[in-house]
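Enquirer: Output the structure for:
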Amino acid sequence: QEASQKQSSGPSAEEVAKLPLWEQNLQKRGTSEGQVQLFNKGGVAIAAQWSMSSQTWIEVGQVMGSSDGGMIDGVQYDHVLPIEVDQTGGGVAKLQIGYNNGENPFVAAQRFIDAYMLPQYHLNEIADYIQQRVGNQTPTLGGAGGAASTGAAAVATTGLPMISYQHLPMPGYKSFELPAKTATTTLEKMKKKIEEFGRLSDTQIAALSSLMETLAVTNRYHSSKIQPDELKVISEMLETFPPTEAFPALDLARFTVSHPDAAASKNLAYWNSVIAKAVSMCEDTSGLEGPAAVAVPMLSLRLFANAFRGGPGSLQAVESQLQPVLKCCEKFIISNNKNVRLSAATLLYNVSYCLHSNEASSVIASQVVVQVDSILKNKSYETEALVRSLVALGTAAMCSPEAKETAKSLFVVSRVEMAASPHGDLAKAVAKEVYNVLQ
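Expert: Below you'll find the predicted structure:
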């Protein structure tokens, strides 16, 4: 991966033209103190920060270029930073991470982790590195002669509240991926189960085997490819197998969507179709018995959750179907099975992070609040599932004033700390932050 570095004089005229007009800034409300937004002011890009007290955007200065900008894999970034990663077999891989002015460092760090399939625990470390390298350079205003060099480092954390919360909002998506140590064994068992049904042709079995061989080598996801005929066999199983036999295909789909090439933009239509099929399977589960009765809802919810983190194609697909996906989640949210409960909590967690990372939909954010309230009332969720649910609640309320009002109207705040009290220090700490957000 190589980046072509070049001096930048700031956003292009085309980029500036796409920015919201400064004259209409009152039409775009901020969501947190210190949030940064770029505007088009007379054909010039300016940065402004949101003031919660005055409920207005305060102009900070003109957006200038950065001397360390460049391109990575055909994508232009305001900053291209060197980063070294220890390799499993020894040695160091010299990579580069792209960061744009005003971007949340955690979003850039998560993008880097996803691109190279790095362990999730590196997220804070990488985000801190970005802030250290770019924050000191006042990234939003860029040039040395920027109009507001004092205090401008704070704008590197767009989307993060100035109030210091340790657990809110969440730093990135969570997923249910294929464990590297047991990948081969897990996939072999899945293949055996599918073959027992006797519904696939030799050609389909060959495509299935090829797909599983690729998925089993998890440390090569950054370079391996998923072929169209391999994706096709999953959709064919979902379409032709009876619901009682389709759950291994759902399981395979939720692993496959975690592969970067499979979840790329080129496969948007494919994941739209697969997610829609999973939603339809969830609509009528009354006739399911045995393993399928738990597996279909659990694996559907995990497919939806994984789609957020898989890649741009799967992300766009699940974003376009948030309403039916949440309807599916609502149906199984009070499940008797703990794996289904964890799946539902994780899906709500990822939906909230999606809202936080983009322009929040008040309708979707309010639905998250209502569903988490059902979880708090039910009192059956295990610690990890409850913590994820609380983080989803707090994040949804932070990014949508309407969702916060929904929480107030339901008196959710009265249940937050009580629900967390039996679940240890972490749950209590998260609940305290959620309580403060809901005030």
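Enquirer: any idea how far Ala253 is from Ile333?
Expert: 22 Å (CB to CB, to the nearest Å). In short, each C-beta sits where N, CA and C put it, glycine included.
Enquirer: more crowded one of those two?
Expert: Neighbour tally, Ala253 and Ile333, criterion other CB atoms under 10 Å: the higher count belongs to Ala253, 27 against 24.
Enquirer: Just the element for the more buried one, please.
Expert: helix 243-256 (DSSP states H and E).
Enquirer: Over to Leu326?
Expert: helix 322-332.
Enquirer: so what does that helix touch, helix or strand wise?
Expert: helix 268-283, helix 291-310, helix 338-357, helix 362-378 (3 or more CB pairs under 8 Å, 6 or more residues apart in numbering; DSSP states H and E).
Enquirer: ok, and for the first one, which residues are buried?
Expert: Translated: helix 268-283. Neighbour-count burial for helix 268-283 flags Leu268, Tyr270, Trp271, Asn272, Val274, Ile275, Lys277, Ala278, Val279, Met281, Cys282 (criterion: 16 or more other CB atoms under 10 Å).
Enquirer: For that helix, give the mean pLDDT please.
Expert: In this model, helix 268-283 carries a mean pLDDT of 92.
Enquirer: please begin residue numbering at 795 from this point
Expert: Yes, from this point I'll number from 795; that puts the last item at helix 1062-1077.
Enquirer: in a strand, that's where Ala887 is, yeah?
Expert: Yes - checked against DSSP: H, G, I helix; E, B strand; the rest coil, Ala887 lies within a strand.
Enquirer: For it, list each beta-bridge partner.
Expert: Ala887 has the following beta-bridge partners by DSSP bridges: Val879.
Enquirer: pretty sure it contacts Glu878?
Expert: Yes - using CB atoms under 8 Å, Ala887 makes contact with Glu878 at a distance of 7.0 Å.
Enquirer: Please list all residues in contact with the residue nearest the centre of the chain.
Expert: Of all residues in the chain, the one closest to the mean position by CA atoms, centre = their mean is Tyr967, 3.8 Å from it. Shown in contact with Tyr967 (CB atoms under 8 Å, 6 or more residues apart in numbering): Gln904, Ala1099, Phe1102, Arg1103, Tyr1143, Asn1144, Tyr1147, Cys1148.
Enquirer: how about 10 Å then?
Expert: 904, 908, 914, 1099-1104, 1109, 1140, 1143-1145, 1147-1148, 1151 (CB atoms under 10 Å, 6 or more residues apart in numbering).
Enquirer: got it, and Pro1037?
Expert: Contacts of Pro1037 (CB under 10 Å, 6+ apart): Ser1074, Met1075, Asp1078, Thr1079, Gly1081, Leu1082, Ala1086, Ala1087, Val1090.
Enquirer: Restrict stretch 1168-1180 to CA atoms and write it as PDB.
Expert: The C-alpha coordinates for stretch 1168-1180 follow below in PDB (Å, rounded to 0.1, in the frame of the first residue of the first chain):
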ATOM      1  CA  SER A1168     -37.900  -3.100  26.900                       C
ATOM      2  CA  ILE A1169     -34.600  -4.800  27.800                       C
ATOM      3  CA  LEU A1170     -34.300  -2.800  31.000                       C
ATOM      4  CA  LYS A1171     -37.900  -3.700  32.000                       C
ATOM      5  CA  ASN A1172     -37.300  -7.400  31.200                       C
ATOM      6  CA  LYS A1173     -34.400  -7.800  33.600                       C
ATOM      7  CA  SER A1174     -33.200 -11.000  32.000                       C
ATOM      8  CA  TYR A1175     -30.100  -9.800  30.000                       C
ATOM      9  CA  GLU A1176     -26.700 -11.000  31.000                       C
ATOM     10  CA  THR A1177     -24.000  -8.600  31.900                       C
ATOM     11  CA  GLU A1178     -22.300  -8.200  28.500                       C
ATOM     12  CA  ALA A1179     -25.600  -7.900  26.700                       C
ATOM     13  CA  LEU A1180     -26.900  -5.400  29.200                       C
END
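Enquirer: what residues does that stretch touch?
Expert: Outside stretch 1168-1180, the residues that reach it (CB under 10 Å, 6+ apart) are 968, 1124, 1127-1130, 1132-1140, 1142-1143, 1166, 1181-1184, 1186-1187, 1204, 1206, 1208-1210, 1212-1214, 1216-1218, 1220-1221, 1224-1225.
Enquirer: likewise stretch 1112-1121?
Expert: Contacts of stretch 1112-1121 (CB under 10 Å, 6+ apart): 1051, 1062, 1065-1066, 1069-1070, 1072-1074, 1076-1077, 1094-1095, 1097-1104, 1122, 1127, 1141-1142, 1144-1145, 1148-1149, 1152, 1155, 1157-1158, 1161-1162, 1164-1165.
Enquirer: Please consider this matter closed, and thank you.
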